[in-house]
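Asks: Have a look at this prediction, sequence included:
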Amino acid sequence: MIDVKQGIGMTSKRTRDRLVQRLRDQGIRSEAVLGQICDVPRHLFVDEALASRAYEDTALPIGLGQTISQPYVVARMTEALLNGFQGETVLEIGTGCGYQTAVLAALVKRIYTVERIPELLRKTRQRLRDLDIYNVQFRPGDGWEGWRKYGPYDGIIVTAAADEIPERLLEQLSANGRLIIPVGPPGGQELTMVTNRDDHYEQVSLGLVSFVPLVRGK
Ligand code: SAH
């Protein structure tokens, strides 16, 4: 019997190992993160027609004008979020197909994730359940507002591009909590890491990325 989580041919262990090696070569160091890139079956997050390309290091379309993030960028953001991480809860903005969510799920205790397209969220909820991922809570809504109910969060990760850092998200960061967010205009953004220090927000740039926009309002 074919185990859908293992895959065959273009989705095999060997194909995934190649992707992991590529990310290693590009400077991803966290074995925990690389392990997740290897374990999470990315071909189950894209349309069947694109499954053969699922382990290439590129973003791919997932319908409704949205994309699945490039594995390198997912790995980079996850590594940055978890480097020195001492918390339990993470808020994710921009669930999309849930690939980033799945990569994070085994590495943190609890994830709260917000997506503005309910149809996408419905499918993703089912997909993660099918993969036996249960430590994620989903909410349809506007990510600019965060999710106050379960905050403050030890980490916040935003997987859509904001033209400025959302004030509400800063307010929902716990002490020493860390926000990873692409900031800038459509087409190219600065991946930004903000840490909530005692008396200020420390800001570091992690390089250039390109995400779909974090849409404002409805
Ligand atoms: N995390 C995904 C990629 C997400 S693409 C992955 O792992 O592949 C960005 C997602 O952000 C899209 O699904 C889009 O609908 C969502 N999004 C855009 N603006 C938003 C907003 N204001 N609030 C919540 N989600 C938003």
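Replies: Yep, that arrived.

Asks: and the nearest residue to Gly63 once chain neighbours are set aside, what pLDDT?
Replies: Once flanking residues are discounted, Gly63 sits nearest to Asp47: 7.2 Å by CB to CB, 6 or more residues apart in numbering. To be clear about C-beta, it is placed using only N, CA and C from the backbone, and glycine gets the same treatment. The model reports Asp47 with a pLDDT of 90.

Asks: what about Asp47, neighbour count?
Replies: 13 (other CB atoms under 10 Å).

Asks: again, but for Leu173
Replies: Residues near Leu173, counting by other CB under 10 Å: 22.

Asks: beta partners for it?
Replies: Tyr153 (DSSP bridges).

Asks: which bits of the protein sit near the ligand?
Replies: 66-69, 93-94, 96-97, 99-100, 114-117, 120, 142-144, 159-160, 212, 214-215 (CB under 6 Å from any ligand atom).

Asks: phi, psi of the most centrally placed residue in the chain?
Replies: In the chain, the centroid-proximal residue (CA atoms, centre = their mean) is Gln100; its distance is 3.0 Å. Main-chain torsions, Gln100, degrees, to the nearest 10: phi -60, psi -40.

Asks: got it, and Arg24?
Replies: Torsion angles, degrees, to the nearest 10, at Arg24: phi -60, psi -50.

Asks: Wait, Asn83 touches Arg29, no?
Replies: No - between Asn83 and Arg29 there is no contact under CB atoms under 8 Å: 9.2 Å.

Asks: hang on, the earlier thing: which members of the residues of the chain next to the ligand occur in strands, if any?
Replies: Gln66, Thr67, Ile68, Ile93, Val114, Glu115 (DSSP state E).
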